[in-house]
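> sequence and predicted structure are below.
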Amino acid sequence: MKQVTATGQTVEEAVQSALQKLNTSKDQISIEIIDEGKKGILGIFGSKPAIVKATLKKNYIDLAKKYLKDVIENMDLDVNVDIEMEDRQVYFNLSGSEIALLIGKRGQTLNALQYLLHLVVNRNTDQFYTVVLDAEGYRERRKDTLVNLANRLAEKAISTKREVKLEPMPSFERKIIHAALQNVKMISTLSAGEEPNRHVVIKP
């Protein structure tokens, strides 16, 4: 773990000096104040510098990427991993000729890996990140499929006047169903059951 000791006329100046030495930003380090310093008479006589110890935090996003690559290598697959960041969202994008094995049936393998990456990225950090694992546009195709399914089953609920239960799915997929049907006046939707069997119910 990289660590430096830095000094300055004030604690803040010492922190800025440490940031320059580590070539990083303030949210990526933890600070231990060794000495708050003393201004002295007229800011000169008897003055003492402030001293801080700065420690570079673990980059859990890099750790998550390494974890994902290790999983892929252990599956003996030739798949590339790229990362994009947007505010507090981290996108892991997979590409390669054997991508179907990492998606799994209805995205189950992809969803399981996404959950594990979420745990790695947000471990021991005070800054929460949303993690999205995608594979060559699968998430957008899956969204289109879910919206079409929601509309079809809503019509079924209306015509039969009976509630329709969907298969269990993760929370972010259930949100797609709820959002797709929120403006359909003749039905209502709710989530029922306990994880991992929580599912959407469409009620006329």
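Received it, and whenever you're ready, just let me know what you need. Numbers count the residues shown, from 1 in each chain.
> can you tell me the element Lys143 falls in?
helix 138-160 (DSSP states H and E).
> what residues go with each domain of the protein?
Domains of the chain are assigned by automatic domain parsing as 3-56, 60-136, 140-203.
> residues near Pro170, how many?
16 (other Cβ atoms under 10 Å). Just so you know, the C-beta spots here come from the backbone N, C-alpha and C atoms, and that holds for glycine as well.
> contact partners for it?
By Cβ atoms under 8 Å, 6 or more residues apart in numbering, the residues touching Pro170 are 111, 115.
> just the one 3 residues further on next, same as before
Glu173 sits next to 142, 146 when contact means Cβ under 8 Å, 6+ apart.
> and Ser30, by the same measure?
Contacts of Ser30 (Cβ under 8 Å, 6+ apart): 54-55, 57.
> surely it is within a strand?
Yes. Assessed by DSSP: H, G, I helix; E, B strand; the rest coil, Ser30 belongs to a strand.
> where among the domains of the chain is the average confidence lowest?
Of all these, domain 3-56 carries the lowest average pLDDT, namely a mean of 81.
> with secondary structure, neighbour count and distance to Ile103 added, can I get the contacts of Ser30 in JSON lines?
Formatted as JSON lines, the contacts of Ser30 follow (DSSP: H, G, I helix; E, B strand; the rest coil; neighbours: other Cβ atoms under 10 Å; distance: Cβ to Cβ, whole Å):
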{"residue": "Ala54", "secondary structure": "strand", "neighbour count": "23", "distance to Ile103": "42"}
{"residue": "Thr55", "secondary structure": "strand", "neighbour count": "15", "distance to Ile103": "39"}
{"residue": "Lys57", "secondary structure": "coil", "neighbour count": "16", "distance to Ile103": "33"}
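> of those residues, closest to Ala135?
Nearest to Ala135 among these, counting by Cβ to Cβ, is Lys57 at 29.4 Å.
> nearest residue to the closest one in space, please, no chain neighbours.
Among residues not flanking Lys57 along the chain, Gln28 sits closest, at 5.5 Å (Cβ to Cβ, 6 or more residues apart in numbering).
> run through the residues that contact the one you found.
Applying Cβ under 8 Å, 6+ apart, the residues contacting Gln28 are 22, 56-57, 59.
> type out the ChimeraX command that picks the buried ones from the residues you listed.
Only the buried members of the contacts of Gln28 enter the following ChimeraX selection, criterion being 16 or more other Cβ atoms under 10 Å:
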select :22,56,57
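> perfect, I'm done here.
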